[in-house]
Each structure stands twice: as C-alpha cells, then as structure tokens.
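S.K.: Any chance you could fold what I've pasted below:
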Amino acid sequence: MSRIGVTPVEIPDKVTVEIEGNVVKAAGPLGKLEVELLPAIKVEKQDNKLVVSTLNNERKTRALHGLSRTLVNNVVSGVSKGFEKKLEIQGVGYKAALEGKNLNLALGYSHPVKIEPPEGIELKVEGNNKITVFGANKQLVGDVAALIRSKRPPEVYKGKGIRYEGEYVRKKAGKAGK
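M.R.: Coordinates of the predicted model:
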C-alpha cells in the first residue's frame, strides 16, 4: 500500500476542482491545469479533500498510486501557490537581463543567448546574476530552468556557469594537482 497515495489532497480556498472520468481539472488564481490519470486510478471529492485510490490490486496500479496522488497535488497547489526555481550565474562577465518577457544571457559566447519563455512561465532577474522561474505547472517550471542551466552548465575547474540555487559543484584539481 502506498504511503503517499493514501494521504488526501487538501483543496485550498479559491480553488475549484472538477473530476471528469480520469481527468482532474483545477482552476485557481494562477490559472487552470488538468492531469489525466490511468483508468485504474480513481479520484473522489470528499468534503474539501481529494482522495486517490486504486480500482484493482495489480502491481503496475499500486506502483502508480503515489505518483497519481502527487500529480493531483501538484495541479491543486500549482493553481493556488505556484512553483518556482531559482538559478545563480557565476563567472566574470556572465550576466542576465530581461528584455520584455524574454531573457537575455551574456555567457561568454560571441553572441547573447536569448530565451523566450513559454506561455504560463514568468521570468524574473534580481541584480544581474539571479534568475527566478515562476509558474503554475511544476513540470514546465523545471523544464525551463533546466533549459536555462543547459546554456552554460557549471564547469568543474573554476565553477563558472549557471547553477541551481544551493547546488554544490565538486571542483577538480588542475594540472598541477594543487
């Protein structure tokens, strides 16, 4: 039995949830999201909570019980609070700036790197070396943050590049082995 799957999902105020078959739709102050679950997973609305349960006891269904509950929870909390990922830029001359909604990065290349965020994603720049990716869809926030990080991942000798906030980069010794 899944420990995560049996925990009910609280529905906050200002969020409305509709269940149509195996599709859960949530609408809140940050927009509308929906998630489609397996036919063997059942979601019920009880009072102000969503309860996720399985219809059979097959191995695959039991394995996806906790995942399904987490996906429903991400949809509900995404439309109410949203998700954010923070990135840091380290390196001399590396900086970020916003041009309208687009992100303009100077990362030591001969050209600036421009990133246009998809719909539903908001980018913020603090100073010129901290980037915040905010949105209601957790997967999309993570994908955009990973895209930005992939433009110049941290290198292992000096640690220059784009990293997640709080990420530790193990550094190698150089040629001299110092």
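S.K.: Show me which positions of the helix or strand bottoming out on mean pLDDT in the chain end up buried.
M.R.: Taking mean pLDDT, DSSP states H and E as the measure, the helix or strand of the chain with the lowest value is helix 59-63, at a mean of 91. Residues of helix 59-63 classed as buried: Thr61 (neighbour count, 16 or more other Cβ atoms under 10 Å). Heads up, the C-betas are built off the backbone N, CA and C, glycines and all.
S.K.: And stretch 156-173, by the same measure?
M.R.: Buried residues in stretch 156-173 (16+ other Cβ under 10 Å): 160-163.
S.K.: Just the ones of the residues you listed in strands?
M.R.: 161-163 (DSSP state E).
S.K.: now the strands for the chain?
M.R.: Counting by DSSP E, the strands of the chain are 9-10, 16-20, 23-28, 31-36, 41-46, 49-54, 83-90, 95-99, 102-106, 113-115, 121-126, 130-135, 161-164.
S.K.: got CSV for those strands, with distance to Ser68 and mean pLDDT too?
M.R.: Shown next, in CSV, are these (distance: least, Cβ to Cβ, whole Å; pLDDT from 0 to 100):
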stretch, distance to Ser68, mean pLDDT
strand 9-10, 10, 94
strand 16-20, 13, 94
strand 23-28, 9, 95
strand 31-36, 8, 95
strand 41-46, 5, 93
strand 49-54, 5, 94
strand 83-90, 19, 96
strand 95-99, 37, 95
strand 102-106, 34, 95
strand 113-115, 32, 96
strand 121-126, 25, 95
strand 130-135, 22, 97
strand 161-164, 27, 96
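S.K.: With distance to Thr61 as added columns, please give those strands in CSV.
M.R.: Output for these, formatted as CSV (distance: least, Cβ to Cβ, whole Å):
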stretch, distance to Thr61
strand 9-10, 18
strand 16-20, 18
strand 23-28, 17
strand 31-36, 15
strand 41-46, 7
strand 49-54, 5
strand 83-90, 27
strand 95-99, 45
strand 102-106, 41
strand 113-115, 39
strand 121-126, 33
strand 130-135, 30
strand 161-164, 34
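S.K.: Out of those, which gets nearest to Arg69?
M.R.: strand 49-54 (4.2 Å; Cβ to Cβ).
S.K.: ok so, going back, closest to Asn104 among the ones in strands among the buried residues of stretch 156-173?
M.R.: Ile162 (13.6 Å).
S.K.: That closest one and Glu155 touch, don't they?
M.R.: No - Ile162 is not in contact with Glu155 according to Cβ atoms under 8 Å; the separation is 10.7 Å.
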